[in-house]
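Asks: Quick one: sequence and predicted model below, then my questions.
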Amino acid sequence: MDQPTTSGWPARNEERFQALMRLEDNPLAGHVRTAPKDDLPDSVLARAYRELWLAGRFEMANAVANRLFGGRPDLDSGEAEPEYMRWLLVTAYAYARKSPSREGPDLYQSTLRQILRALRGSQGAQAHTAWRSFCYDRLNDAWRERTRKDPVMVELEKEDPSSRQPLMLVDQAIEYPWQGSVAPDHEEELTAFLQDRLRAKAKDPLVAEIGLDQFFGDPSPIDVRDPERPDRVPLTERLNLGRFQVRRRKDKARLILKLALEEWTEHNPRP
Amino acid sequence: MPSANEPVLNSLFAQIEHAWEEHSDTELVEQLADQYPEYAEDLFAFFSAILSRDDELPAGAGAAAVRDTMAWLEEEHASARAERVGAPAPALGASGPSPPQDLLSFLCSETGKPPLVVINGMEDTTSELLDLFSRYPHVVPIGARRAVAVRAQRAHGVDPVRVRRKFDEAIPLAMAASRTGAYGAVPASYEELLDRAALPADVRARWLAFASDADTEE
């Protein structure tokens, strides 16, 4: 590992940035378009965009923005996904999943616009030193501006043994038309379908195990033993995981189940 | 919840991010959550977000996101370039009044120079300071506005009256964009604005002095 700069930014990124900025326009544009992602970290591109734009090298700044927010042109047909910002897209969808308007795509694009514009202003001066944190802040700003309320704490629930209940995915589907609709007499069939999908889609077997535990039947505590039911071993203890690791896998299981629920609804429309 | 008004939380986010990127550290978030229980959920949510790269997305969502992004980026580039060089903005579909120029865009437009050249030519001026003046003109005192105008005239020959007028024009827009509560990032005072600009002490002192000098350099 290399030594960080005084700002906490890794020295290797500082070197990459300086090397990039020394390039003339044509080599710079070519490098930005084709270099492997590992050679061009997102924070280096973010800083390069700001500096190029402030220096009036607009075409170069645009090439950097295209790579950072869009991706490598030659990968479009193969991957067709945001190369650097996929994590933000996933998070935008997670936020939007809690909203009846289901505005994941719009929220993501609003966030990218906020990031781009902030990079050109005073807010962007140190953005590269904690790039993910900077983007996450802009996502929250975009969410507030779109919804005029604080972002919901997606996927995180306080561990409260007295109120612990299984998540009723099936009931939600019936209650909220925007999430899909399912005839009640298909509940058993749907439950089996969701469990099968969870087992099939979860690459990590612990995701399936935790999902089956938490979302079907009587869920185990995550990390706090219930004094009234001391026989129920918390998942952290049973699986030898930290509580974040358990929550993270639970989040993944929930996402798989929700996508499976959408699939079910699509193929079994309610009359 | 994450907010520009919560420097502690942002600092914790940065620590988590650095620890993950440099050491793939998944334990720091748990330690910080124990240390700062009031932020525990925010910290877990943030860490979950930065780890979510490989999570499932609805079919086609990634491709649609790239396509939409490239479409607006093209417009954004054209629009930003036009603003900076003072060229007419290209038609981008819906018609309507042009957005008002901020102070730096105005100076670039008047001089035909790129932002960094404009800023570097002006004494005691940084991009952060000009950006903050542009965004929050209503907290900039008359004396400081005059100082900006004088510097723009000296360095680039821009009419100082038009520079001062730019502050007045921008005020309604800045006020309309002002936010309150948890997401209110508007500086409460000129002093706070100068703090945010992170100027060297002697430069900050000069800008502070301009504020109380009604006849600054005129």
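Replies: Alright, I've got the coordinates.
Asks: in the stretch 1-150 of chain A, which spans are strands?
Replies: Assigned by DSSP state E, counting those that start in this stretch, the strands in the stretch 1-150 of chain A number zero.
Asks: Now residue B:30: which helix or strand?
Replies: Secondary structure assigned from DSSP states H and E places residue B:30 in helix B:28-35.
Asks: which residues are contacting that helix?
Replies: With contact meaning Cβ atoms under 8 Å, 6 or more residues apart in numbering or on different chains, helix B:28-35 is reached by A:242-244, B:12, B:15-16, B:19-20, B:39-40, B:43-44, B:47. Every C-beta, even on glycine, is put in place using the N, C-alpha and C of the backbone.
Asks: want to try CSV for the residues you listed, with pLDDT as columns?
Replies: Below are the contacts of helix B:28-35 laid out as CSV (pLDDT from 0 to 100):
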residue, pLDDT
A:242, 85
A:243, 83
A:244, 84
B:12, 93
B:15, 94
B:16, 94
B:19, 93
B:20, 91
B:39, 89
B:40, 87
B:43, 92
B:44, 89
B:47, 92
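Asks: Determine which two of the residues you listed are furthest apart.
Replies: With Cβ to Cβ as the measure, no two of the contacts of helix B:28-35 lie farther apart than A:243 and B:15, at 18.7 Å.
Asks: quick one on the thing from earlier: please list only the buried members of the contacts of helix B:28-35.
Replies: Neighbour-count burial (16 or more other Cβ atoms under 10 Å in any protein chain shown) applied to these gives A:242-244, B:12, B:15-16, B:19-20, B:39-40, B:43-44, B:47.
Asks: what mean pLDDT would you report for the helix holding residue B:30?
Replies: Average pLDDT, helix B:28-35: 90.
Asks: Show me which parts of it are buried, residue by residue.
Replies: Neighbour-count burial for helix B:28-35 flags B:28-30, B:32-33 (criterion: 16+ other Cβ under 10 Å).
Asks: Next up, the contacts around the residue in chain A positioned nearest to chain B.
Replies: Across chain A, no residue is closer to chain B than residue A:56, which sits at 2.2 Å (Cβ to the nearest Cβ). Residues in contact with residue A:56 (Cβ under 8 Å, 6+ apart) are B:84, B:113-117.
Asks: Which of those residues ranks first by neighbour count?
Replies: Across the contacts of residue A:56, neighbour numbers were computed from other Cβ atoms under 10 Å in any protein chain shown; residue B:84 holds the maximum, 22 neighbours.
Asks: Check what pLDDT that residue gets.
Replies: The model reports residue B:84 with a pLDDT of 62.
Asks: Would you mind splitting chain B into its domains for me?
Replies: For chain B, automatic domain parsing gives the domain ranges B:7-53, B:56-99, B:103-212.
Asks: Kindly report which one of those carries the lowest mean pLDDT.
Replies: Among the domains of chain B, domain B:56-99 carries the lowest mean pLDDT, at a mean of 69.
Asks: ok, now how distant is the closest residue to residue B:158 other than its chain neighbours from residue A:113?
Replies: Nearest non-adjacent residue to residue B:158, counting by Cβ to Cβ, 6 or more residues apart in numbering or on different chains: residue B:152, 4.3 Å away. From residue B:152 across to residue A:113, the span is 29 Å (Cβ to Cβ, to the nearest Å).
Asks: Can you report phi and psi for the residue lying farthest from the centre of chain B?
Replies: Centroid-distance maximum for chain B: residue B:59 at 35.4 Å, with Cα atoms, centre = their mean. The phi and psi torsions at residue B:59 (degrees, to the nearest 10) take the values phi -60, psi 130.
Asks: hang on, the earlier thing: got the phi/psi numbers for the residue of chain A closest to chain B?
Replies: In terms of degrees, to the nearest 10, the main-chain angles of residue A:56 are phi 80, psi 10.
Asks: quick revisit: please narrow the buried ones among the contacts of helix B:28-35 to those residing in helices.
Replies: A:243-244, B:12, B:15-16, B:19-20, B:40, B:43-44, B:47 (DSSP state H).
Asks: Out of these, flag the one nearest to residue A:236.
Replies: For those, the nearest to residue A:236 is residue A:243 (5.3 Å; Cβ to Cβ).
Asks: isn't that closest one right next to residue A:221, touching?
Replies: No: using Cβ atoms under 8 Å, residue A:243 makes no contact with residue A:221, being 10.3 Å away.
Asks: Give me the more crowded residue out of residue B:152 and residue A:113.
Replies: Legend: neighbour count by other Cβ under 10 Å for residue B:152 and residue A:113, higher for residue B:152 (27 against 17).
Asks: I'd like the distance from the nearest residue to residue A:202 once chain neighbours are set aside to residue A:90, if you could.
Replies: For residue A:202, ignoring the flanking residues on the chain, the nearest one in space by Cβ to Cβ, 6+ apart is residue A:208 at 4.1 Å. For residue A:208, the distance to residue A:90 (Cβ to Cβ) stands at 19 Å.
Asks: higher neighbour count, the two?
Replies: Taking neighbours as other Cβ under 10 Å, residue A:208 and residue A:90 compare with residue A:90 leading, 24 against 21.
Asks: Which residue does chain B have closest to chain A?
Replies: residue B:114 (2.2 Å).
Asks: who's in contact with that residue?
Replies: Contacts for residue B:114 (Cβ under 8 Å, 6+ apart) come out as A:54-57, B:84, B:108.
Asks: For residue A:198, see how far away it is.
Replies: Taking Cβ to Cβ, one finds residue B:114 at 55 Å from residue A:198.
Asks: do the same with residue A:146
Replies: Per Cβ to Cβ, residue A:146 is found 31 Å from residue A:198.
Asks: Neighbour count for the two, which is higher?
Replies: The residue with more neighbours, out of residue A:146 and residue A:198, is residue A:198; 23 against 17, by other Cβ under 10 Å.
Asks: give the contact list for the more buried one.
Replies: Applying Cβ under 8 Å, 6+ apart to residue A:198 gives the contacts A:207-208, A:211-212, A:253, A:256-257, A:260.
Asks: Among the residues you listed, which one lies nearest to residue B:189?
Replies: The nearest one, if we look at the contacts of residue A:198 relative to residue B:189 and count by Cβ to Cβ, is residue A:253, at 49.4 Å.
Asks: where's that closest one, which helix or strand?
Replies: helix A:243-267.
Asks: is any part of that helix close to chain B?
Replies: Yes: residues of helix A:243-267 contacting chain B under Cβ under 8 Å from any Cβ of the partner chain: A:243-245, A:247-248, A:251-252, A:255-256, A:259, A:262.
Asks: any idea which helix is longest in chain B?
Replies: Counting by DSSP H, the longest helix found in chain B is helix B:61-85.
Asks: And it, how far out from the chain middle?
Replies: Helix B:61-85 sits 19 Å away from the centroid of its parent chain (Cα atoms, centre = their mean, to the nearest Å).
Asks: Output the contacting helices and strands for it.
Replies: Contacts defined by 3 or more Cβ pairs under 8 Å, 6 or more residues apart in numbering or on different chains; DSSP states H and E place helix B:61-85 against helix A:58-65, helix A:86-96, helix A:104-120, helix B:103-111.
Asks: Now do the last one against helix A:104-120: the angle between them, please.
Replies: Think helix B:103-111. Orientation of helix B:103-111 against helix A:104-120 (axes from the mean of the first three to the mean of the last three Cα atoms, to 10 degrees) gives an angle of 60 degrees.
Asks: now what about the helix or strand following helix B:103-111, what contacts it?
Replies: Moving toward the C-terminus from helix B:103-111, the next helix or strand (DSSP H and E) is helix B:115-121. Applying Cβ under 8 Å, 6+ apart, the contact partners of helix B:115-121 are A:53-56, B:84, B:104, B:107-108, B:111, B:113, B:125-127, B:130, B:155-156.
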